[in-house]
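A.B. asks: Next input, structure requested:
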Amino acid sequence: MPVFQFLPWCRLKNRIDVDGISFVPIDRDNWETMHSNARDTAWARLILRSFVSITGSPVRDAVIVHKTNDGWFTDVDAADVEHIREVVSLVCFSALSKREYFELSTWNSDCFRLDGIRFPSAPDTVGFMTRRRDGSTSHYWELADISFTQPLHTWTSAIELDEPVLTALTQYRGSSTSDNWARMKNAIELFNLANSDNDLMPHHVEWVLLCSAFQQLLDTKSNCRDLADEFARLMAPMTELTIAKSKRNHGSVKDNSISLRHVWMYQFCSMRGHYAHGNLDTHQPSVWNWLEHVMLATGAFPMCVKLLLSSRSLYELSYQDRVFIEAFERLMDENWTRAGGNDQQPGSAWHTVMDVAANEVRKQILQEKMDELIQGA
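C.D. replies: Okay, here's the model as predicted:
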């Protein structure tokens with residue numbers, strides 16, 4: 001039975017091909033140029049009319065997902081479906097890795113919800129399968145009688161992908177052991193789940209998912225000190241910020257020589273223990289508020305993935321990566337979740353710290369190039 005798979009709420013700029021799977025952004029004004037098969041084009045247009053944007057009109061932007069060497073409508077088995085979902089997860093992660101905080105445009109993992117529609121011959125009667133606790137339920141409807149409305153939080157401009165990290169992850173998938181890939185895959189899926197921006201996802205669940213993602217990725221023991229040690233080792237900047245130099249109050253920390261990133265991860269993990277065991281009204285002291293914690297975690301996790309891929313010579317850190325690593329501890333030392341004085345907007349301190357770090361990284365890059373010239377002379 002033919003299957004049509006697509007991301008109804010996703011807006012990609014360009015077609016991409018990843019590990020045998022193609023992601024094709026639709027162009028409602030130029031359907032004929034998208035695909036040589038007139039039947040497939042007509043069927044896709046018919047199906048996508050049932051997917052409605054928040055303005056009440058059929059979505060103008062969606063992404064068709066199919067096996068690169070097959071058409072848009074093909075039979076797929078369970079292995080095909082699993083592979084496609086895995087690739088979608090990697091593409092989703094590459095988009096989350098590309099996000100910038102405090103910018104007008106943003107996106108989330110719910111933008112990458114994969115839908116699949118089955119039908120016997122022509123898409124007038126279509127079938128869906130939904131999960132339930134005791135298995136699954138099949139639904140069959142006349143296509144003309146149904147519609148699906150876009151969730152408000154998935155409304156976004158064109159989504160950008162971090163294509164170098166996507167390429168590196170695909171290479172790692174093919175070259176690593178099954179255990180190493182399973183751990184990386186699981187960590188990424190946990191991270192994606194924690195970044196849906198869906199109001200139905202409780203904050204404490206996002207916290208637990210994020211911390212679990214770090215633990216899977218860094219392959220640490222289940223105690224917070226091991227996780228903080230490994231995180232601090234991996235996310236080392238050129239200039240370290242210790243508790244002794246911090247502007248924030250770290251009264252519960254006795255050793256002033258500990259780095260700020262180590263203290264942050266230790267607290268983040270400790271709070272996770274409270275949330276995971278049902279203590280949602282925890283009174284454990286924390287230097288950072290909830291929003292600061294999850295924003296720092298969401299920014300740091302993709303960087304840890306990149307650093308691990310870089311250590312395996314699969315990825316080269318970009319200028320922007322180096323800036324974030326250098327700025328990370330300094331961001332912990334600023335209050336950037338609320339507006340400051342002089343009519344500053346929320347996030348102004350974030351951008352200021354990033355600008356300072358960018359200047360320092362540029363100087364370091366220049367020094368590295370000068371050293372190379374001297375050595376080559």
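A.B. asks: okay, CA-based contacts and neighbour counts for the rest of this
C.D. replies: OK.
A.B. asks: quick one: the helices in the stretch 51-200 of the chain?
C.D. replies: 78-98, 163-175, 178-193 (DSSP state H, counting those that start in this stretch).
A.B. asks: Run through who's touching the second one.
C.D. replies: Yep, that's helix 163-175 we're talking about. The contact list for helix 163-175 (Cα atoms under 8 Å, 6 or more residues apart in numbering) reads Val18, Asp19, Leu90, Val91, Ser94, Trp181, Lys306, Leu309, Leu314, Tyr315.
A.B. asks: what's the most distant pair in the residues you listed?
C.D. replies: Spatial extent of these (Cα to Cα) is set by the pair Asp19 and Lys306 at 19.2 Å.
A.B. asks: Please say which of those two ends up with more neighbours.
C.D. replies: Between Asp19 and Lys306, counting by other Cα atoms under 10 Å, Lys306 is the more crowded of the two (23 against 15).
A.B. asks: Would you mind giving both backbone torsions of the more buried one?
C.D. replies: Here is the backbone geometry of Lys306 (degrees, to the nearest 10): phi -60, psi -40.
A.B. asks: Tally up the residues packed near the closest residue to Met303 other than its chain neighbours, please.
C.D. replies: Closest residue to Met303 apart from its sequence neighbours, by Cα to Cα, 6 or more residues apart in numbering: Asp321 at 7.1 Å. As a burial measure, Asp321 scores 15 neighbours (other Cα under 10 Å).
A.B. asks: What is the helix or strand where Asp321 lies packed up against?
C.D. replies: Element membership of Asp321 [criterion: DSSP states H and E] is helix 319-332. Secondary-structure packing of helix 319-332 (3 or more Cα pairs under 8 Å, 6 or more residues apart in numbering; DSSP states H and E): helix 260-276, helix 290-311, helix 348-376.
A.B. asks: packing partners for the longest one?
C.D. replies: Pointing back at helix 348-376 there. The contact analysis (3+ Cα pairs under 8 Å, 6+ apart) places helix 348-376 against helix 319-332.
A.B. asks: Flag every buried residue along the helix it packs on.
C.D. replies: For helix 319-332, the neighbour count (16 or more other Cα atoms under 10 Å) marks Arg322, Val323, Phe324, Ile325, Glu326, Ala327, Phe328, Glu329, Arg330, Leu331, Met332 as buried.
A.B. asks: tell me, what residue is most central in the chain?
C.D. replies: Leu96 (3.0 Å; Cα atoms, centre = their mean).
A.B. asks: got the contact list for it?
C.D. replies: Contacts here follow Cα under 8 Å, 6+ apart; on that basis Leu96 touches Trp107, Asn108, Ser109, Leu161, Asn192.
A.B. asks: Can you pick out the most distant pair from those residues?
C.D. replies: Leu161 and Asn192 (14.3 Å).
A.B. asks: just to revisit the earlier point, test my guess that the residue nearest to Met303 contacts Val305.
C.D. replies: No: judged on Cα atoms under 8 Å, Asp321 makes no contact with Val305 at a distance of 11.3 Å.
A.B. asks: Give me the distance between Leu209 and Arg132.
C.D. replies: 22 Å (Cα to Cα, to the nearest Å).
A.B. asks: Which one's more surrounded, those two?
C.D. replies: Set Leu209 next to Arg132 and count neighbours by other Cα under 10 Å: Leu209 wins out with 22 against 8.
A.B. asks: what's the helix or strand hosting that one packed up against?
C.D. replies: Assigned by DSSP H and E, Leu209 falls within helix 203-218. Judged by 3+ Cα pairs under 8 Å, 6+ apart, helix 203-218 is in contact with helix 178-193, helix 224-234, helix 260-276, helix 290-311.
A.B. asks: now the angle between helix 290-311 and the second one, please.
C.D. replies: Read it as helix 224-234. On the basis of axes from the mean of the first three to the mean of the last three Cα atoms, to 10 degrees, helix 224-234 is oriented at 60 degrees to helix 290-311.
A.B. asks: For helix 224-234, name the packing helices and strands.
C.D. replies: Helix 224-234 packs on helix 203-218, helix 260-276, going by 3+ Cα pairs under 8 Å, 6+ apart.
A.B. asks: Least confident secondary structure element in this structure?
C.D. replies: helix 31-34 (a mean of 69; mean pLDDT, DSSP states H and E).
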